[in-house]
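Enquirer: everything below, folded, please.
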Amino acid sequence: DLRGLIQFLSARGEALPWHLAVVLVSSIAQALTFAHNRRDEEGRSLEIVHRDISPSNILFSREGDVKLADFGIARSTRSLEQTISGFIEGKVYYMSPEQARGESLDRRTDVFSLGVVFYELLTGVRPFDGDNELQILERIKSASPGAPRELLADMPEALSALVMACLEKDVDARFRDAAEVVEGLQKILIVEARVTGQTAFADFLRASGFFEEAPQAPEKKLSFDDFLALELADEKRSRSVGGSFGGKHQTRTLARRDLGKRYLFFVLLFAAVVVAVAVSPLVSVVPRVSPSSDLGGVSSDAVVASGG
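Expert: Numbers count the residues shown, from 1 in each chain. Next comes the predicted model:
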């Protein structure tokens, strides 16, 4: 994965040439564009947000194929609702300001995270760092990193500006989506007269000896196809129970409600058993009465039996 490559190059005091970084990030931006533009069977946009763009979720092969993986916390914004206070999903270093604040998200949060990855890939350092997660989150929300060109002088000024545009705190000042990032990167390659692509990236990987280091295979991650299948299946399931479109969240909500009802039933049943056990000794000591009492001839044994 990309995390392994960054660490590999850093240990050797090297960095990925900027034009190859453009190839890699452009491939990820195209994958995001594909995900962001997916529609359901009725032609409505699913408005998918990945929410966890990071180097460990960017995979590549010896042939230079680049893939975006781990849609494990991806969501359709049509089924999103505010999470529990203080709970945020995603890797802290690569979160957007709105994600760090626990606000609602759209595809522009993925653009910000992609910009963080791009910055680290070009310069070898993270734009937002700190001693602990809270400090990192505060810097993401308020601090502005220096432009990448300040750390890598041979980088085109336009490329440095593009990265900083991805890292805008104001979502309205960022690129509207990953497709605009792809368009901007293609223009830079044209202006710089750089002929590059997947083959050039593969050649660099082989020449660097990266794969000869035999890094461990990454853990199984949820692919986009798997995620999409689950999302559409949950949408159909939610409709089958008579609800409006709620996707995965609505299905899980119904499941939680059903579980709550079952839990309440067993609690009440347990309470009834406890009461019965507590009352039983009291009933067993009911005074015996004679047949001539006000019970109208009912025996004492019948009284005890009816009470127990």
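
Enquirer: from here on, just use CA atoms for contacts and neighbour counts.
Expert: OK.

Enquirer: which parts of the chain are strands?
Expert: Remark: strands assigned in the chain by DSSP state E are 48-49, 58-60, 66-68, 75-76.

Enquirer: tell me which of those sits most buried.
Expert: Sort those by mean neighbour count, taking mean count of other Cα atoms under 10 Å, and strand 48-49 sits at the top with a mean of 24.

Enquirer: pairing partners for that strand, with directions?
Expert: strand 75-76 (antiparallel) (DSSP bridges).

Enquirer: I'd like the average pLDDT over the strand it pairs with.
Expert: Mean pLDDT, computed over strand 75-76, is 50.

Enquirer: same check on stretch 185-194?
Expert: Averaged across stretch 185-194, pLDDT comes to 92.

Enquirer: which outside residues touch it?
Expert: Stretch 185-194 is touched from outside by 19, 22, 26, 158-159, 195, with contacts defined as Cα atoms under 8 Å, 6 or more residues apart in numbering.

Enquirer: in it, which residues are buried?
Expert: Neighbour counts over stretch 185-194 (16 or more other Cα atoms under 10 Å) mark 185-186, 188-189 as buried.

Enquirer: nearest to Asp40 among the contacts of stretch 185-194?
Expert: Ser26 (25.6 Å; Cα to Cα).

Enquirer: spit out the contact partners of the closest one.
Expert: When contacts are counted by Cα under 8 Å, 6+ apart, Ser26 touches 181-182, 185.

Enquirer: Gly4: which of the strands of the chain is closest?
Expert: Per Cα to Cα, nearest to Gly4 of the strands of the chain: strand 58-60, 9.8 Å.

Enquirer: what helices or strands is the closest one leaning on?
Expert: helix 2-11, strand 66-68 (3 or more Cα pairs under 8 Å, 6 or more residues apart in numbering; DSSP states H and E).

Enquirer: of all the strands of the chain, which lies closest to Thr123?
Expert: Per Cα to Cα, nearest to Thr123 of these: strand 58-60, 17.6 Å.

Enquirer: separation between Ser113 and Asp177?
Expert: Distance of Ser113 to Asp177, given as Cα to Cα, to the nearest Å: 12 Å.

Enquirer: neighbour count winner among the two?
Expert: Taking other Cα atoms under 10 Å, Ser113 and Asp177 do not tie; Ser113 has more neighbours (24 against 20).

Enquirer: I'd assumed Glu98 was in contact with the more buried one.
Expert: No. Ser113 lies out of contact with Glu98 (Cα atoms under 8 Å); the separation is 11.2 Å.

Enquirer: and the buried residues of stretch 185-194 as JSON lines, adding distance to Ala15?
Expert: Shown next, in JSON lines, are the buried residues of stretch 185-194 (distance: Cα to Cα, whole Å):
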{"residue": "Leu185", "distance to Ala15": "19"}
{"residue": "Gln186", "distance to Ala15": "21"}
{"residue": "Ile188", "distance to Ala15": "20"}
{"residue": "Leu189", "distance to Ala15": "19"}
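
Enquirer: just the ones of the residues you listed in helices?
Expert: The helices in this structure, assigned by DSSP state H, contain 185-186, 188-189 from the buried residues of stretch 185-194.

Enquirer: out of these, which is nearest to Arg139?
Expert: Leu185 (26.9 Å).

Enquirer: could you dump the contacts of Ser26 into a markdown table with distance to Pro148 added?
Expert: Below are the contacts of Ser26 laid out as a markdown table (distance: Cα to Cα, whole Å):
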| residue | distance to Pro148 |
| --- | --- |
| Val181 | 16 |
| Val182 | 18 |
| Leu185 | 15 |
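
Enquirer: pLDDT below threshold where in the protein?
Expert: Filtered on pLDDT under 70, the chain yields the residue ranges 70-90, 214-267, 269, 271-308.

Enquirer: how about the helices in it?
Expert: 2-11, 18-36, 97-100, 107-123, 133-142, 157-166, 178-191, 198-208, 224-240, 247-284, 300-307.

Enquirer: that older thread, buried subset of the contacts of stretch 185-194?
Expert: Buried residues within the contacts of stretch 185-194, defined by neighbour count using 16+ other Cα under 10 Å: 19, 22, 26, 158-159.

Enquirer: can you tell me which two in the residues you listed are farthest apart?
Expert: Pairwise over the buried ones among the contacts of stretch 185-194, using Cα to Cα, the maximum falls at Ser26 and Ala158, 15.1 Å.
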